[in-house]
Each structure stands twice: as C-alpha cells, then as structure tokens.
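Novice: sequence below, structure please.
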Amino acid sequence: MTSAPGSLESLRSRNRLRVLETVQQRGAISRVDITRTTGLSRTTVSSLVAELLSEGVLSERAAEPPAPSPGGGRPATLLALSPDGGGVLGVHLGHEGVRVVLADLSGDVLGERQREIDVDHLPADSLAYVADAALELVARHDVGRVIGMGVAVSAPVQLVSHALRTPSMLRDWTDIDIAAQLRDRVGVPVHVGNDANLGAMAEWTFGVGRGADDLIYLMLSDGVGAGLILNGRPYEGAAGAAGELGHVAVVDGGYVCRCGNRGCLETVVGTRALVGAVSHSRGPDTTLAEVVQLALAGDPGCHRVITDAGRTIGRALSGICAVLDPKLVIIGGKIAAAGPPLLEGVREILARRLPSAISQGVVVTAGRLGDRAEVLGAVALATRRTAVHLLSP
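Specialist: I've put the predicted structure just below:
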C-alpha cells in the first residue's frame, strides 16, 4: 500500500530521498551541511540519517583532513554512500593513454588498469581496451553489482546527448558513440563527460576542494583544460564547452595548436611544451617526470621552465578569477607534481594582476588526487547520474 500524497509517511519518504540525494551529489558530507543544503531541521536530518545508517545505505567516515565542526570541538564525521552498495567503473581517455578503475559507492578504488595508447588516433583500440579492462576488474572484485560507468574524454561534450561536440578536436572520434559502444560491450549504463570538468568534480567531491562551493580546477597534462564549480554546482556553460582554458591564446603568432589556432596556453604549458623547452640541453629523450624531478631538486633550467609556466598560467587565470571570485584555484594533472615552483609562479601573477579584495581571498593549491582526479571524476559522474532509489544495497 502506497502512502497518500501529503501524508506524514509520504513527507518522510520525500525527505529521505532529499537526504540521500544530497549525499549522492556531494560524495561525503556532514550532518550539519546536509541540514544547510536541504533546509530540513536538525532533528529530521538526524532521524533520517540514523535510519539510512541502520539500513546500510549510508556509512560514516572520517574527514580527510579532519574538517573542524563550525563551533569547534571534535571534527565533523562525514556521511557517504555505503561501500557495500555496489561498484562503479571510471574511465579516463587521455591523449596518450587509458586508465580504468573500479570503485565502491563511497569512491574508494578497488582495482585499476592502465595502458599507453595513442587515444586521439586509435579509437577502436582504446574502446576495446576499456571494455576488456572493465570486465576483468569486475570479474576480479566481488562488488555484487555495478551501477554504471563514467568516461572522461579530452574534448568538449554536448550537454543533452553527452556525445562529443561536432566538429571535435578528436577528429578520429567523429561519429563514434562512446556511451553506446561501451554500454553494449560492458552491459552497464555509461555516462560521458569532459575530463577537466570531471577533474573539478573529483577534487570537489573527494579531494582538496571539498567544502568549497566556488572553485576553478586546472588540469595540466598532455592537454590543458579547466573545470568550474560555481555556487556548489558544476558549471559547463551554455553549450557544454566552458573551461577550455587550454585554447585561450597567450602568445601572438605562437605554435599552431591542435585546435587550429596559434599560441594557445596548451602549446606553452602542456607536457610537450615543457619537455621541449629543456630537450635541447637535456636530450631528446627527456621525460616530464625528469623535468619535474630536476626542478624540485633545484636545477636552474628546469626550475625556470616550471616557474615560467606557472606565470603564464597565472596570466591566463587572472581574468577568470577577477570575474568569478573563486575561493580555490586547484592545480591538477601530471604537471602539478612540480609543486612549489609551479604554484609560486601562479600566485605571483595573480597577486600582481588581481584587485587585493579578490587576490587575498583566492587560495592556489595543488590537487590532492594527482593524476587520478579525472578518472575519479568519472566515478563521481556515474554515481551522480544513477537514480537515487537504486543506491540502496
């Protein structure tokens, strides 16, 4: 027998879904923040959370790092979806490699596979590897059920269809329906998003951006992109192409970018640009990891290259920060491992170019999730897009 509309039982059922949906969207959240987000009373939230905990739908976990409660005292305990509720697959289709993970519903990674592939030009091989790796991970780990798969791609994604925008910078992927192909091969719902946007979602949900409702995430790897969280929501723009910071021109008459323009930020601070800047003195086989290691060890040339990259990024970010007034600027991706020289370059330019009222409030920090951010964002995407009533074990 169903509850009559407007009955107390019906109201409690709706409130229960609101609480569960809030945890689903935020990944991990305190009782206080659930109360603030939903507008429900503390008593109602406490009662519903206790019910969801007793049923095994939610679980408690410590904050990382501990988040102080508003009034001081003991750190707040975070609530997350129960890890026993099933598994989620996450995929990152980078430019030069594929990463596939299987995580539980709380976002903890259970297994992972990676392979170097020329993803931009070998779509069939890339998707075949994703399907094989996903099925292998599911067979190896007993998660009971898999609620879906999220896929992070290095290109803008259409808002409604979630297909790659046309024309796409990934020309060999034109007319390939990533979601349909992987759904047919793996047998689960598949959701596709832009990798920088999903990196932002991951750091906001699982990483250093948790609790900051206005942030910019900058992904620095083979490609360069940005993801935005504004007023507690991922922002993708009118057409799903917001955050293409890597294709903002920063050098007049610079190198031709894969997008067809000259002097894009990606051609100045992307992996190839940084490695190329030192290869004449370090040799053609120099890797990004070596450049980063040498910069951190104090090598003058590599330190200069990384610091200059930070300054260039700061110039590209300054206008966006002046308009959006973010609380956090998070630097992620493979190049973020360069740490202090990179961050100091960004901070130097933002402090110089922004009004003090904005620059003093913006914190520039490295991401916590490293090069896993985009694939964990894909996990978060699949979890967020699963119907909330299907999340109970």
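
Novice: below-threshold pLDDT in the stretch 151-300 of the chain: ranges please.
Specialist: Of all residues in the stretch 151-300 of the chain, those with pLDDT under 70 make up the ranges 166-168.

Novice: any idea how far the closest residue to residue 209 other than its chain neighbours is from residue 93?
Specialist: Using CB to CB, 6 or more residues apart in numbering and skipping the chain neighbours, the partner closest in space to residue 209 is residue 203 (4.2 Å). Bear in mind the C-beta positions are built from the backbone N, C-alpha and C, glycine included. Residue 203 is 19 Å from residue 93, where distance means CB to CB, to the nearest Å.

Novice: how about residue 198?
Specialist: Relative to residue 93, and taking CB to CB, residue 198 is found at 11 Å.

Novice: now residue 254
Specialist: Distance of residue 254 to residue 93, computed by CB to CB: 27 Å.

Novice: the two - which one has more neighbours?
Specialist: Just comparing residue 254 and residue 93: by other CB atoms under 10 Å the higher neighbour count belongs to residue 93, 29 against 16.

Novice: surely the more buried one touches residue 122?
Specialist: No - contact between residue 93 and residue 122 fails when scored by CB atoms under 8 Å: they sit 10.7 Å apart.

Novice: quick one, phi/psi of the residue nearest the centre of the chain?
Specialist: With distances taken as CA atoms, centre = their mean, residue 199 lies nearest the centre of the chain, 1.7 Å away. Main-chain dihedrals, residue 199, degrees, to the nearest 10: phi -60, psi -40.

Novice: what sits against it?
Specialist: Residue 199 is in contact with 152, 217, 219, 225, 227, 332-333, 367, 369, 373-374, 377, counting by CB atoms under 8 Å, 6 or more residues apart in numbering.

Novice: so which of those residues is the closest to residue 356?
Specialist: Nearest to residue 356 among the contacts of residue 199, counting by CB to CB, is residue 217 at 24.1 Å.

Novice: for that closest one, which non-adjacent residue is closest in space?
Specialist: Sequence neighbours aside, residue 200 is the residue nearest to residue 217 in space, at 3.5 Å (criterion: CB to CB, 6+ apart).

Novice: quick check: the one you found vs residue 345, distance?
Specialist: The value you get for residue 200 to residue 345, if CB to CB is used, is 21 Å.

Novice: between these two, point out the one with more neighbours.
Specialist: A count of neighbours by other CB under 10 Å puts residue 200 above the other of residue 200 and residue 345, at 32 against 24.

Novice: ok so, going back, and the two most separated of the contacts of residue 199?
Specialist: The largest separation in these, counting by CB to CB, is between 225 and 369 at 15.5 Å.

Novice: more neighbours: these two, which one.
Specialist: Neighbours were counted for residue 225 and for residue 369 using other CB under 10 Å; residue 225 has more, 27 against 22.

Novice: for the record, mean pLDDT for stretch 78-91?
Specialist: Averaged across stretch 78-91, the pLDDT comes to 94.

Novice: what about that stretch, start to end distance?
Specialist: One end of stretch 78-91 sits 26 Å from the other (CA to CA, to the nearest Å).

Novice: and what of stretch 81-97?
Specialist: Using CA to CA, the end-to-end distance of stretch 81-97 comes out at 30 Å.

Novice: got the buried residues for the top helix by length along the chain?
Specialist: As assigned by DSSP state H, the longest helix anywhere in the chain is helix 300-324. Across helix 300-324, burial judged by 16 or more other CB atoms under 10 Å covers 302-303, 305-318, 320-321, 324.

Novice: which SSE is immediately downstream of that helix?
Specialist: Later in the chain than helix 300-324, the nearest helix or strand by DSSP states H and E is strand 328-332.

Novice: what helices or strands is that following strand leaning on?
Specialist: Under the contact criterion of 3 or more CB pairs under 8 Å, 6 or more residues apart in numbering; DSSP states H and E, strand 328-332 touches helix 195-205, strand 215-220, helix 300-324, helix 340-353, strand 363-366.

Novice: at 7 Å what do you get?
Specialist: Secondary-structure packing of strand 328-332 (3 or more CB pairs under 7 Å, 6 or more residues apart in numbering; DSSP states H and E): helix 195-205, strand 215-220, helix 340-353, strand 363-366.

Novice: reformat those as JSON lines; add distance to residue 62.
Specialist: Below are the helices and strands packed on strand 328-332 laid out as JSON lines (distance: least, CB to CB, whole Å):
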{"stretch": "helix 195-205", "distance to residue 62": "16"}
{"stretch": "strand 215-220", "distance to residue 62": "23"}
{"stretch": "helix 340-353", "distance to residue 62": "27"}
{"stretch": "strand 363-366", "distance to residue 62": "21"}
